[in-house]
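Engineer: I need the structure of the sequence given here:
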Amino acid sequence: MASTPFVDRMNSIPKYVASRTLTEATWNATIIPGEVAEFVADLKRQPGGTIVKYGNGPLDQVLMENHLIDEFHLLLTPVAAGSGQHLFEEIHDAPRLSLADVRRFASGVLVLVYTPAPAVTGSPASRQPGSPPSSGQAENPLARSSRTASGANTQ
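Structural biologist: The predicted model follows:
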């Protein structure tokens, strides 16, 4: 790919990959060692900008459960697709979100920015991580936008 400011920037950004099967990574990427939630929590405490996680999949559960997502940036495009993975498909208790920003582009694309809303007392989201759910159901596992983390699928 030809060198452009965007390409050069993307190539220089450290990338982190959450994988249970990969043993090596390319493109300035590091496979996250050990527990993903601990790694991401530590990464968030470090200076250096925003963390972006592209895609959706099982990693979302871990990040949401551990309250590691500060904002969701959802792109709404004027294209209908008949199939695909739903954003919160593996999340049994839908997250409470608050609309923080909307940006509209001439193409018709909307960028919707949501932040996690405060949990309702007694709801699954209000429990401390690791505390048992009151309903008897299993606990559900659930990033910030210049380092990049990637999961199994797409944003």
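Engineer: Which residue ranges of this structure form strands?
Structural biologist: Listed in chain order, the strands of the chain (DSSP state E) span 15-17, 29-31, 51-54, 72-76, 97-104, 110-116, 147-150.
Engineer: Just give me the neighbour total for the nearest residue to residue 11 once chain neighbours are set aside.
Structural biologist: Leaving aside its sequence neighbours, residue 11 sits nearest to residue 28 (CB to CB, 6 or more residues apart in numbering; 6.4 Å). Every C-beta, even on glycine, is put in place using the N, C-alpha and C of the backbone. Residue 28: 12 surrounding residues under other CB atoms under 10 Å.
Engineer: wouldn't residue 28 be in contact with residue 9 here?
Structural biologist: No - using CB atoms under 8 Å, residue 28 is not in contact with residue 9; the gap is 11.3 Å.
Engineer: re earlier: most packed of the strands of the chain?
Structural biologist: Of all those, strand 147-150 carries the top mean neighbour count, a mean of 22, counting by mean count of other CB atoms under 10 Å.
Engineer: Show the average pLDDT along that strand.
Structural biologist: In this model, strand 147-150 has a mean pLDDT of 41.
Engineer: next one: stretch 43-55
Structural biologist: What stretch 43-55 shows for mean pLDDT is 89.
Engineer: What is the end-to-end distance of that stretch?
Structural biologist: 19 Å (CA to CA, to the nearest Å).
Engineer: repeat for stretch 74-94
Structural biologist: Counting by CA to CA, you get 16 Å between the two ends of stretch 74-94.
Engineer: Make 56 the first number, not 1, from now on.
Structural biologist: Done: numbering now begins at 56, and the last item shifts to stretch 129-149.
Engineer: List the buried residues of it.
Structural biologist: The neighbour-count check on stretch 129-149 (16 or more other CB atoms under 10 Å) flags 143, 145-146, 148 as buried.
Engineer: Sounds good, over and out.
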